[in-house]
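Undergrad: structure for this input, please:
(2 chains)
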Amino acid sequence: MKSVKYQVRDQVEDQVYGQVMAQFSYQFSYQGYGQVRDQVSYQVRDQVMAQVWMQVKDQVWDQVRAQDGKVD
Amino acid sequence: MIKNLTAEQEALLPVYRDKWLDIGLSTEPLNFEKAKAAVCVAYESVGLPKPTKFYTAKSPVDAIRLIKNLNPRMETNKIMSDMAYGCHDANWLGFYQYFRDVVGIKACEKLDGLIDLAHHCGWLNMYHDTVVFQDRPKHIKFDDQNRLHCEYGPAILYRDGYSVYAWHGVTIPSEWITNKGELTAKIALTWANTEQRKAACEIIGWATVLRELNAHTIDSDEDPMIGTLLEVDIPDIGEEKFLRVLCGTGREFAIPVPPNMKTALEANAWTYGLEGNLLRDLEVRT
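TA: All right, here's what the predicted structure looks like:
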């Protein structure tokens, strides 16, 4: 059975992505979509995901692995 | 069918970027009531019954402890894999909110709950009937290039004290900041991770590290403010050049310079984006 996270988040993202792309002309799929991706998604990703989310996630995972599942 | 963005729609791109940067980097405390309402919308949007049990944790590790208390059979790896990221899902939620609000694509409304949720909480674990929300960090600090960095404390600090220490974007052991005196050139130079090794050398100061490494002099300018060009063999990294100089307050420090530098004057000028002779001319005039 799929996890709740998958049902509420991951699967919905996949579905919405497909439905959004279906609204785009061929030209927009290669230009306008990229423009929004680069100027909104990627710039937020570079700051929030790369500098904060990933650093916290990596550290927590490292601690989990180092302590065999236990965290202090 | 959408063929292009209008000028008005394009003008809103930086507005949405900034809005979602603010959401992603928010250090506001968890808004429990609003997060509860938002997560219920997210469940309902996929036909799941609304959860009825809600818990709060102050950090990711606090959430792991809490979930293990609720269900001792739950593996830590599974808890981590089950985490969604609330405000830190900002990059993709901002993308879809733009298409929902600015371009008017109704399919994006299916993400309404998650978009709202990102405004109110940090990471979260969602289970049948139970949600564990996490608080957002209490502070996040960056250097002038927007890299995670703090030289006198944690770069990320959660409200329960859980923290991440970082030096110009590289995570480092906390004791390198909290107990700087214990960090020696030997520890720094033998550290296995090369990015962290460079950070350690910067924390100690390259001038100290270079003395340990017996750097050899390539060129020494008669003016101590221009300095001395040194070359050194750094373990696992290789030959690197540094300019050792005195600053205006008389403190000695060393700066890494490109390998093609041949004189101290050229290296010093490079640090100002100038050519060597121009720097000498500037000095004469001042």
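
Undergrad: what segments of the stretch 51-200 of chain B are helices?
TA: B:60-70, B:76-81, B:90-101, B:112-118, B:175-178, B:185-190, B:194-204 (DSSP state H, counting those that start in this stretch).

Undergrad: ignore the last one, chain A
TA: With DSSP state H, the ranges of helices along chain A come out as A:4-5, A:11-21, A:26-30, A:32-36, A:43-44, A:54-66.

Undergrad: how many neighbours does the residue nearest to residue A:32 when sequence neighbours are not counted have?
TA: Residue nearest to residue A:32 in three dimensions, not counting chain neighbours: residue B:5, with 5.2 Å by CB to CB, 6 or more residues apart in numbering or on different chains. All C-beta spots, glycine's among them, are computed from the backbone N, C-alpha and C. If you count neighbours by other CB atoms under 10 Å in any protein chain shown, residue B:5 ends up with 20.

Undergrad: for chain A, what's its nearest residue on the stretch 101-250 of chain B.
TA: For the stretch 101-250 of chain B, the nearest residue to chain A under the criterion CB to the nearest CB is residue B:107, separated by 3.5 Å.

Undergrad: out of the helices of the stretch 51-200 of chain B, which is closest to residue A:54?
TA: Ranking the helices of the stretch 51-200 of chain B by distance to residue A:54, with CB to CB as the measure, places helix B:90-101 first at 11.6 Å.

Undergrad: ok, and what's touching that closest one?
TA: Helix B:90-101 has contacts (CB atoms under 8 Å, 6 or more residues apart in numbering or on different chains) with A:13, A:16, A:20, A:36-37, A:40-42, A:44-45, A:48-49, B:12-13, B:16-17, B:19-21, B:23-24, B:105-106, B:108-109, B:111, B:114-115, B:118.

Undergrad: pull out the buried residues from those residues.
TA: Neighbour counting by 16 or more other CB atoms under 10 Å in any protein chain shown classes A:13, A:16, A:20, A:36, A:40-42, A:44-45, A:48-49, B:12-13, B:16-17, B:19-21, B:23-24, B:105, B:108, B:111, B:114-115, B:118 among these as buried.

Undergrad: any idea how many residues pack against residue B:259?
TA: When counting by other CB under 10 Å, one arrives at 10 neighbours for residue B:259.

Undergrad: check contacts around it.
TA: B:239, B:240, B:241.

Undergrad: swap the cut-off to 10 Å and go again
TA: By CB atoms under 10 Å, 6 or more residues apart in numbering or on different chains, residue B:259 lies in contact with B:231, B:238, B:239, B:240, B:241.

Undergrad: and for residue B:205?
TA: When contacts are counted by CB under 10 Å, 6+ apart, residue B:205 touches B:185, B:211, B:251, B:252, B:253, B:254.

Undergrad: so is the closest residue to the fourth one other than its chain neighbours in a helix, a strand, or just coil?
TA: Once flanking residues are discounted, residue B:252 sits nearest to residue B:207: 5.0 Å by CB to CB, 6+ apart. Per DSSP: H, G, I helix; E, B strand; the rest coil, the local secondary structure of residue B:207 is helix.

Undergrad: so residue B:207 sits against residue B:253, correct?
TA: Yes - Residue B:207 is within contact range of residue B:253, at 5.3 Å (criterion: CB atoms under 10 Å).

Undergrad: find residues that contact each of the two.
TA: Listed as contacting both residue B:207 and residue B:253 by CB under 10 Å, 6+ apart are B:242, B:244, B:245.

Undergrad: how about these in a markdown table, adding neighbour count and distance to chain A?
TA: Output for these, formatted as a markdown table (neighbours: other CB atoms under 10 Å in any protein chain shown; distance: CB to the nearest CB, whole Å):
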| residue | neighbour count | distance to chain A |
| --- | --- | --- |
| B:242 | 26 | 28 |
| B:244 | 22 | 31 |
| B:245 | 23 | 31 |
